[in-house]
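1. No sequence on hand, only this structure:
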């Protein structure tokens, strides 16, 4: 916290982050240089034995931040590969540069429209500045995890339920921007944030399901009514066409008989045209 306050005050005065690091990596003082020289002489005198304490190796995905008498020796971290330290005055901290992913535990959140939901997510981040991640925060990984939980609650608290369910991509982008800005002084780069699942209360799920079912039934009734109306209009037009020609009705009877015969029924009912019956009734 003291380092962050110093950096903020330096920024207000127009001094950059690199200048502040340069100030911290300044001269060791007379006493410090005396100790460093004595340590170097001791290392040279016992060279065959001290080489194993001076030689250090870091992997391709690691960097080493070296402290000499409590001060950072350089603006840039060492590695990957082999580097040397003085056994009595120097110490170093390894920093992993690989992308780290972690799950945000489910958070009980009250949305803008007073609905309680449980939301969880996943965050991907990596160390962008090894020196800042060591010098500015005690545990960058743990601090980023706690900040991600708080950011998730703060962002979702400004959204209503419909936005939480439909605009996950926008919420994830907003969380990423807020996290990246907050962790910049810690040397952390937030690469991606994803919302995994949104869990609703059981009663709310039932209410939403009943509402959706009622809406579907209403749409089905409207569609059925429209179909009946269109069918009645078509039947009316067909009756008008048949009324213009009496033989059209007989042809329709024969077509119906053909359709019935195709079903291979044992009993066939033959529709007798009314015109034929009227001819016999006159006689």
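-> Cool, the structure landed. Every value quoted in this text rests on a predicted model; they were computed, and no experiment measured them.

2. Read off the pLDDT value for the residue lying closest to residue 69 once chain neighbours are set aside.
-> Once flanking residues are discounted, residue 69 sits nearest to residue 32: 5.1 Å by CB to CB, 6 or more residues apart in numbering. Every C-beta, even on glycine, is put in place using the N, C-alpha and C of the backbone. pLDDT, residue 32: 74.

3. do the same with residue 91
-> For residue 91, the model assigns a pLDDT of 87.

4. Touching, the residue nearest to residue 69 and residue 86? I think so.
-> No. Counting by CB atoms under 8 Å, residue 32 does not reach residue 86; the two are 11.9 Å apart.

5. Comparing the two, which residue is more hemmed in?
-> residue 86 (20 against 15; other CB atoms under 10 Å).

6. Am I right that residue 64 is in a helix?
-> No. Applying DSSP: H, G, I helix; E, B strand; the rest coil, one finds residue 64 to be strand, outside a helix.

7. wait, it sits on residue 94?
-> Yes. Shown here, residue 64 and residue 94 form a contact pair, counting by CB under 8 Å, at 5.8 Å.

8. list the residues that contact both of those two?
-> By CB atoms under 8 Å, 6 or more residues apart in numbering, residue 64 and residue 94 have these common neighbours: residue 58.

9. higher neighbour count, those two?
-> More crowded of residue 64 and residue 94, by other CB under 10 Å: residue 64, with 19 against 15.

10. Per-residue pLDDT of the more buried one, please?
-> Note for residue 64: predicted pLDDT of 92.

11. what's the distance between it and residue 92?
-> 5 Å (CB to CB, to the nearest Å).

12. Quick check: neighbours shared by the two?
-> Contacts common to residue 64 and residue 92, judged by CB under 8 Å, 6+ apart, are 56, 78.

13. Would you list the phi and psi of the residue nearest to residue 69?
-> The phi and psi values for residue 32, taken as degrees, to the nearest 10, are phi -60, psi -40.

14. residue ranges for the helices of the stretch 101-250 of the chain, please.
-> Along the stretch 101-250 of the chain, counting by DSSP state H, counting those that start in this stretch, helices occupy 130-135, 140-156, 161-166, 168-182, 202-244, 246-262.

15. so which of these gets nearest residue 121?
-> helix 140-156 (6.2 Å; CB to CB).

16. packing partners for that closest one?
-> strand 100-110, strand 116-127, helix 168-182, strand 188-199 (3 or more CB pairs under 8 Å, 6 or more residues apart in numbering; DSSP states H and E).

17. Do me a favour and average the pLDDT over it.
-> For helix 140-156, the per-residue pLDDT averages 91.

18. mind listing what's buried in it?
-> Across helix 140-156, burial judged by 16 or more other CB atoms under 10 Å covers 140, 143-145, 147-148, 151-152, 155-156.

19. what would those look like in a markdown table with distance to residue 250?
-> Shown next, in a markdown table, are the buried residues of helix 140-156 (distance: CB to CB, whole Å):
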| residue | distance to residue 250 |
| --- | --- |
| 140 | 92 |
| 143 | 91 |
| 144 | 86 |
| 145 | 85 |
| 147 | 86 |
| 148 | 81 |
| 151 | 81 |
| 152 | 77 |
| 155 | 76 |
| 156 | 73 |
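
20. so which two of those residues are the farthest from each other?
-> Farthest apart among the buried residues of helix 140-156 by CB to CB are 140 and 156. That separation is 24.5 Å.

21. wait, what's in contact with the spatially closest residue to residue 113 that is not a sequence neighbour?
-> Spatial nearest neighbour of residue 113, excluding adjacent residues (CB to CB, 6+ apart): residue 160 at 4.3 Å. Counting by CB under 8 Å, 6+ apart, residue 160 makes contact with 111-113, 115.
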